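Participant: Structure, please.
(3 chains)
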Amino acid sequence: MKSYRKELWFNTNYRREYINITRQIEACIKESNIKEGIVLVNAMHITASVFINDDESGLHHDFEKFLERIAPEKPYNQYQHNGYEDNADAHIKRQLFGREVVCALTNGNLDFGPWEQIFYGEFDGMRNKRVLVKIIGE
Amino acid sequence: MKSYRKELWFNTNYRREYINITRQIEACIKESNIKEGIVLVNAMHITASVFINDDESGLHHDFEKFLERIAPEKPYNQYQHNGYEDNADAHIKRQLFGREVVCALTNGNLDFGPWEQIFYGEFDGMRNKRVLVKIIGE
Amino acid sequence: MKSYRKELWFNTNYRREYINITRQIEACIKESNIKEGIVLVNAMHITASVFINDDESGLHHDFEKFLERIAPEKPYNQYQHNGYEDNADAHIKRQLFGREVVCALTNGNLDFGPWEQIFYGEFDGMRNKRVLVKIIGE
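Facilitator: Below is the predicted model:
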């Protein structure tokens, strides 16, 4: 069994942002030289998500509106976590969108359906944060 | 390390439907001849989920009611994604119920608790869509 | 490829409770003697979650309040599942917080960001329930 590990770093311009990282994951796969196995991609921070969905800006607007409706950022004092911090909403949003994706690796490629794209979902950005890529297989 | 790959196809009668696919995953495990490892089962489309819960029709009705309450299908124009499409709600529902499950494979069987069943969760059906089964192990 | 399997048992004092199980997972890793690979940690019951977030009591209070707001326990008769049972809300809460986490295992340790902690999320407790730990690698 072979394994591969890489950290990807992000520093978003806005508090919340969705970044398509599919090309970066494909580059990791190439670099790993692993052809068959699985690829784990996870946020290393607990106010961010990694998820798979559509690369369509209207949909990302709908995600933002949905998450702000059910777990709004403000008022900050609605959350007990927000004593010295202001990011309780980001912890909840990340719970809903998930920490990680596990993808099949087949013949050296991401084994994806036609529209699957991997996103880094930032809910408390404007600072350096990391995603971990771990590949195991042969 | 051995690996196995299979696509399962679905075409539901309704826009939203939950299908118990546990027997099909067990058949894949048998066919793979892998005894120890993990089983990844993921939707290949971004308006469908794979998840593990109870095979109980009352609960599935509760899931439907819950998801329609927090991310309703209609009115379609509440979502920016719905220009040429009408399935923004399905993308959001899939985010909440998740894309994939990763299951332990032990002694040639799904290593499950007493009530765990694997479901394909369709949120925009009535067309051909796929689930990927990837098994790695020995 | 080596593999390791262990069940962890829980019996909470309250219906809903979050238990930090990171130390127990680290003990499993040590016991497994596996240095490189992945660690799957999943609830074996369908009214409980395993997830990764912050070990901060204010945040756990916010999680409780959020989940009770969008999928309340009572009144029990709002759910079709609650004929002989009263735990439909627990099935829904578990859907939102997820069944499992998959973690990278690097150099014999959980490959985690600075604040990542693994939690058992109980939504229908006060009885014996299990978590499965499965490690594969080398």
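Participant: okay, CA-based contacts and neighbour counts for the rest of this
Facilitator: OK.
Participant: List, one by one, the residues from chain A near chain B.
Facilitator: Contact residues (C-alpha under 8 Å from any C-alpha of the partner chain) of chain A with chain B: A:1, A:36-37, A:52-54, A:56-59, A:61-63, A:66, A:70, A:96-98, A:101-104, A:112-116, A:137-138.
Participant: Among the residues you listed, which lie within helices?
Facilitator: In this view, the residues of chain A next to chain B that belong to helices under DSSP state H are A:57-59, A:61-63, A:66, A:70, A:96-97.
Participant: what's the closest of the residues you listed to chain C?
Facilitator: Closest approach to chain C among these (C-alpha to the nearest C-alpha): A:L96, at 5.8 Å.
Participant: Where does A:S3 sit, in terms of helix or strand?
Facilitator: strand A:2-10 (DSSP states H and E).
Participant: what sits up against that strand?
Facilitator: A:28, A:32, A:34, A:127-138, C:36-37 (C-alpha atoms under 8 Å, 6 or more residues apart in numbering or on different chains).
Participant: Next: stretch A:79-91.
Facilitator: Under C-alpha under 8 Å, 6+ apart, the answer for stretch A:79-91 is A:46-48, A:71-73, A:76-77, A:123-124, C:53, C:56-59, C:61-62.
Participant: If you count neighbours, what's buried in that stretch?
Facilitator: A:79-82, A:86-91 (16 or more other C-alpha atoms under 10 Å in any protein chain shown).
Participant: one step back: filter the ones in helices among the residues of chain A next to chain B to the buried ones?
Facilitator: Buried residues within these, defined by neighbour count using 16+ other C-alpha under 10 Å: A:58-59, A:62-63, A:66, A:70, A:96-97.
Participant: which regions of chain A lie under the pLDDT threshold?
Facilitator: Counting by pLDDT under 70, chain A contains no low-confidence residues.
Participant: what residues are up against the most centrally placed residue in chain A?
Facilitator: Chain A has A:V50 as the residue nearest its centroid, 2.0 Å off, counting by C-alpha atoms, centre = their mean. Residues near A:V50 by C-alpha under 8 Å, 6+ apart: A:41-43, A:97-101, A:118-121.
Participant: sorry, back to before: within reach of chain C, which of the buried ones among the ones in helices among the residues of chain A next to chain B are there?
Facilitator: With C-alpha under 8 Å from any C-alpha as the criterion, these include A:70, A:96 near chain C.
Participant: could the buried ones among the ones in helices among the residues of chain A next to chain B be laid out in TSV, adding distance to B:N20?
Facilitator: Below are those laid out as TSV (distance: C-alpha to C-alpha, whole Å):
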residue	distance to B:N20
A:G58	32
A:L59	29
A:D62	30
A:F63	28
A:F66	29
A:I70	29
A:L96	23
A:F97	23
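Participant: circling back to that earlier point, with just CA atoms, put the strand or helix carrying the residue nearest to the centre of chain A into PDB.
Facilitator: Take DSSP H and E as the rule and A:V50 turns out to sit in strand A:48-53. C-alpha atoms of strand A:48-53 as PDB (Å, rounded to 0.1, in the frame of the first residue of the first chain):
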ATOM      1  CA  ALA A  48     -14.800  25.100   7.200                       C
ATOM      2  CA  SER A  49     -16.100  22.300   5.000                       C
ATOM      3  CA  VAL A  50     -15.000  20.200   2.100                       C
ATOM      4  CA  PHE A  51     -18.000  19.100   0.000                       C
ATOM      5  CA  ILE A  52     -18.900  18.000  -3.500                       C
ATOM      6  CA  ASN A  53     -21.600  19.800  -5.500                       C
END
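Participant: Show me how far it is from its chain's centre.
Facilitator: Taking C-alpha atoms, centre = their mean, to the nearest Å, one finds strand A:48-53 lying 4 Å from the centre of the chain it belongs to.
Participant: Give the partner strands of that strand in its sheet and their orientations.
Facilitator: strand A:117-122 (antiparallel) (DSSP bridges).
Participant: For stretch A:68-86, what is the spacing between the initial and final residues?
Facilitator: Start and end residues of stretch A:68-86 are separated by 14 Å (C-alpha to C-alpha, to the nearest Å).
Participant: Also stretch A:105-122?
Facilitator: Termini of stretch A:105-122 sit 25 Å apart (C-alpha to C-alpha).
Participant: would you turn the contacts of A:V50 into JSON lines with distance to B:W9?
Facilitator: Shown next, in JSON lines, are these (distance: C-alpha to C-alpha, whole Å):
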{"residue": "A:V41", "distance to B:W9": "26"}
{"residue": "A:N42", "distance to B:W9": "28"}
{"residue": "A:A43", "distance to B:W9": "31"}
{"residue": "A:F97", "distance to B:W9": "26"}
{"residue": "A:G98", "distance to B:W9": "26"}
{"residue": "A:R99", "distance to B:W9": "27"}
{"residue": "A:E100", "distance to B:W9": "25"}
{"residue": "A:V101", "distance to B:W9": "22"}
{"residue": "A:I118", "distance to B:W9": "23"}
{"residue": "A:F119", "distance to B:W9": "25"}
{"residue": "A:Y120", "distance to B:W9": "29"}
{"residue": "A:G121", "distance to B:W9": "29"}
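Participant: which pair in these spans the largest distance?
Facilitator: Spanning the widest gap among the contacts of A:V50 are A:V41 and A:F97, at 13.6 Å by C-alpha to C-alpha.
Participant: can you pull up the bridge partners for A:K2?
Facilitator: A:G137.
Participant: ugh, typo on my part, it should be A:K6
Facilitator: Under the criterion used (DSSP bridges), A:K6 bridges to A:V133.
Participant: how close does it sit to chain C?
Facilitator: 11 Å (C-alpha to the nearest C-alpha, to the nearest Å).
Participant: For chain B, see how far away that residue is.
Facilitator: Distance of A:K6 to chain B, computed by C-alpha to the nearest C-alpha: 21 Å.
Participant: count of residues packed around that residue?
Facilitator: 16 (other C-alpha atoms under 10 Å in any protein chain shown).
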